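Undergrad: Would you be able to build a 3D model of this:
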Amino acid sequence: MMSAVKKVDKKAIYEAAEKLSNWGRWGDDDQLGTINHVTPQDIIAAAGLIRKGKVFALGLALDEKIQSGQFGGRWNPIHTMLATGTDAIAGNQDIVPNLRYGDDAVNMPCQSSTQWDALAHIFLDDKMYNGYDAKLVDSNGAQKNGIEHMRDKMVGRGVLLDVARWKGTDALDDGYAISNEDLDQTAAAQGVEICRGDFVIVRTGQQEAYMARGDWGTYAGGDAPGLAFETAYWIYENEIAAICADTWGCEVRPNETTEANQPWHWVVIPKIGISMGEIFYLKELAEDCAEDGVHEFFFCAPPMHLPGGCGSPLNPQAIK
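TA: Below is the predicted model of the structure:
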């Protein structure tokens, strides 16, 4: 494996960006990035991991008020009823439309709950993944690297790396940086091998700790355990398809440098070209994996078909 950085600063960020770049690897027109690692044979093999027909929904309930407005002005999903049984019983629907029904709407930022980051989400200077100009993300949406390109791609072998359980704790401490060694040792302890094209899901336990307290506090944008900057090298070397976690932003907070906000993001999305899944709900899946000792499964997590989207809400499924 390439030697990972020991000190995170602007120099280390740009050094990693140069070493780990996948620009042009799958052609000058590529908009999929590391999802290219997944082959049809990988998907067929992943389907064989379904052995007991147990399905785990990994999407957080949309009525959880996790957003604190610390990043990008995101708000919590707003569920509005457009028509109700009360309307029906009152006779308000009997003439127009002469059909008794319930109807509703949801108003939400694409990244206010469990979601994928698209490859158009983060720029390094004035470029996004594969060298596309950042100006191509405009008021009409992302003209390149939009989430719609992933609508039929987010499927394959999923692997849960339950770092918190391997460390013997309910939740890692805020600010704990998960290292390459942590990832490798967790996989070894679980008896699972990380393979090219895997969808790797990292459990810190932080989300469950907030839920148990009944107060989301600064979960969105605050301090958190998460992936160390050096794991960008691990991601590149292992040729995984996507990386996911139960935290708001996957990487450790406070960040390992004051010279950049979310330095890991600066490299993994625009240079490696990997989509990341954030705010994944992992409690039941993790408990089942601990019980039967099986940490691999069929994973299916298509984003919404949102042309030009910089991200997408979703309800991922792990099937064992």
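
Undergrad: Now the element after the longest strand along the chain, going C-ward?
TA: Longest strand of the chain, by residue count under DSSP state E: strand 155-162. Per DSSP states H and E, the first helix or strand lying C-terminal to strand 155-162 is helix 163-166.

Undergrad: For that next one, what is the distance to the chain centroid?
TA: Using Cα atoms, centre = their mean, to the nearest Å, the mean C-alpha position of helix 163-166 is found 19 Å from that of the whole chain.

Undergrad: Next, the residue most central in space within the chain: phi, psi?
TA: Nearest residue to the geometric centre of the chain (Cα atoms, centre = their mean): Gly277, 0.6 Å. Main-chain dihedrals, Gly277, degrees, to the nearest 10: phi -100, psi 130.

Undergrad: pretty sure Thr39 is touching Val155, no?
TA: No. Thr39 is beyond contact range of Val155, at 11.7 Å (criterion: Cβ atoms under 8 Å). Every residue, glycine included, has its C-beta placed from N, CA and C.

Undergrad: Mind checking which of these two has more residues around it?
TA: Using other Cβ atoms under 10 Å as the criterion, Thr39 and Val155 rank with Val155 on top: 20 against 12.

Undergrad: For that one, which residues are in contact?
TA: 38, 43, 46, 298-302 (Cβ atoms under 8 Å, 6 or more residues apart in numbering).

Undergrad: now with 6 Å?
TA: 43, 300 (Cβ atoms under 6 Å, 6 or more residues apart in numbering).

Undergrad: what does Pro316 give?
TA: Pro316 touches 58, 301, counting by Cβ under 6 Å, 6+ apart.

Undergrad: begin at 41 from here
TA: Taking 41 as the first residue, the last one we looked at is Pro356.

Undergrad: For it, give me phi and psi.
TA: Main-chain dihedrals, Pro356, degrees, to the nearest 10: phi -60, psi 150.

Undergrad: Also Ile118?
TA: phi -110, psi 120.

Undergrad: List the beta-bridge partners for it.
TA: Applying DSSP bridges to Ile118 gives these bridge partners: Asn147.
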